[in-house]
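Chemist: no sequence on hand, only this structure:
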């Protein structure tokens, strides 16, 4: 599905990002693996290279615009172009449950501003190479409200808004921009959220009518499809991958 393409994955040291990086590689892409943890990024890139794929690791803090610009410059320097990107990096802070202002500001800085920095740099690169496809990792909390996570919900709503706006702005230059909106996924971040309180644990476990958490690989498959030409007329969509949570 991505044969001959160059793909960037942010947050590729975590479960969803690593699953996506490995999947994109199996589907033929050369992969730029990025994470705020240089070691985590290196581990993912090593898994790809040892399995016969092609990957480089570049550490990046998406909340730092200069770091994002350096990431894209490094990708172009190594592979010559950028065809698709999965902006997966983000945070979900425990302090957010208490409507903590600093947690709110940090959530907006990483999840919203960080996504904007990535989008801007990726679009500039893709305009030079004739187009591409970008997928932002939002959340079902970007589609519905939350009484417990104001920073996370607000920042992810903003990611959906950025996605739709970028999709309208750059469609004429053959750049598609979509979002995946996962429900509760079996990750370290989800486990951390469930540890906040029994109420949050119960809510997350009951979020899907299918009665289970999503696997990271299921989110990666959705991102792969949106990055590929198989979704060639899909643009500006916030795709819920939530087992039916937002249907009710």
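Modeler: Here it is on my side, so go on. From a predicted model like this one, the values you see are computed outputs, not experimental measurements. Numbers count the residues shown, from 1 in each chain.
Chemist: surely residue 201 meets residue 194?
Modeler: Yes: at 4.0 Å, residue 201 counts as touching residue 194 under the criterion of Cβ atoms under 8 Å. No exception for glycine: its C-beta is placed from N, CA and C like everyone else's.
Chemist: more neighbours, these two?
Modeler: residue 194 (18 against 15; other Cβ atoms under 10 Å).
Chemist: which residue is nearest the middle of this structure?
Modeler: residue 88 (1.8 Å; Cα atoms, centre = their mean).
Chemist: off-centre distance for the lengthiest helix in the chain?
Modeler: Assignment by DSSP state H gives helix 150-170 as the longest helix of the chain. Averaging C-alpha positions (Cα atoms, centre = their mean, to the nearest Å) puts helix 150-170 12 Å from its chain's average.
Chemist: what residues sit buried inside that helix?
Modeler: 150-160, 162-164, 166-167, 170 (16 or more other Cβ atoms under 10 Å).
Chemist: repeat for stretch 78-98
Modeler: For stretch 78-98, burial by neighbour count (16+ other Cβ under 10 Å) applies to 79, 82-93, 96-97.
Chemist: re earlier: correct me, but the residue nearest to the centre of the chain touches residue 18?
Modeler: No: assessed by Cβ under 8 Å, residue 88 is found out of contact with residue 18, at 9.6 Å.
Chemist: tell me, what's touching the two both at once?
Modeler: residue 12 (Cβ atoms under 8 Å, 6 or more residues apart in numbering).
Chemist: now residue 10. Its backbone dihedrals?
Modeler: The phi/psi pair for residue 10 (degrees, to the nearest 10) reads phi -100, psi 160.
Chemist: quick one, what contacts it?
Modeler: Applying Cβ under 8 Å, 6+ apart, the residues near residue 10 are 17, 34-35, 60, 62, 71, 85-89, 118.
Chemist: can you do 6 Å?
Modeler: By Cβ atoms under 6 Å, 6 or more residues apart in numbering, the contact set of residue 10 is 34, 62, 87-89.
Chemist: try residue 13
Modeler: The contact partners of residue 13, taken as Cβ under 6 Å, 6+ apart, are 35, 37, 40-41.
Chemist: and the lengthiest strand in the chain, which strands flank it?
Modeler: Assignment by DSSP state E gives strand 175-182 as the longest strand of the chain. Sheet pairing of strand 175-182 (DSSP bridges) gives strand 132-137 (parallel), strand 238-241 (parallel).
Chemist: okay, buried residues for the following helix or strand past that strand please.
Modeler: As assigned by DSSP states H and E, the chain's next helix or strand after strand 175-182 is helix 188-194. For helix 188-194, burial by neighbour count (16+ other Cβ under 10 Å) applies to 189-190, 193-194.
Chemist: neighbouring contacts of helix 188-194?
Modeler: The list of residues contacting helix 188-194 from outside it, by Cβ under 6 Å, 6+ apart, reads 92, 184, 200-201, 204.
Chemist: quick one: pLDDT of residue 197?
Modeler: Model confidence at residue 197, given as pLDDT, is 78.
Chemist: any idea how far residue 213 is from it?
Modeler: 17 Å (Cβ to Cβ, to the nearest Å).
Chemist: what does residue 180 give?
Modeler: Taking Cβ to Cβ, one finds residue 180 at 16 Å from residue 213.
Chemist: neighbour count winner among the two?
Modeler: It is residue 180, of residue 180 and residue 213, that has more neighbours when counted by other Cβ under 10 Å, with 27 against 21.
Chemist: the more buried one touches residue 239, doesn't it?
Modeler: Yes: taking Cβ atoms under 6 Å as the definition, residue 180 is a contact partner of residue 239 at 5.3 Å.
Chemist: just the helices in the protein please.
Modeler: So, for the chain - with DSSP H - the helices run 15-26, 38-50, 65-79, 101-107, 114-129, 150-170, 188-194, 198-205, 216-227.
Chemist: among the ones you listed, which is nearest residue 140?
Modeler: helix 150-170 (8.4 Å; Cβ to Cβ).
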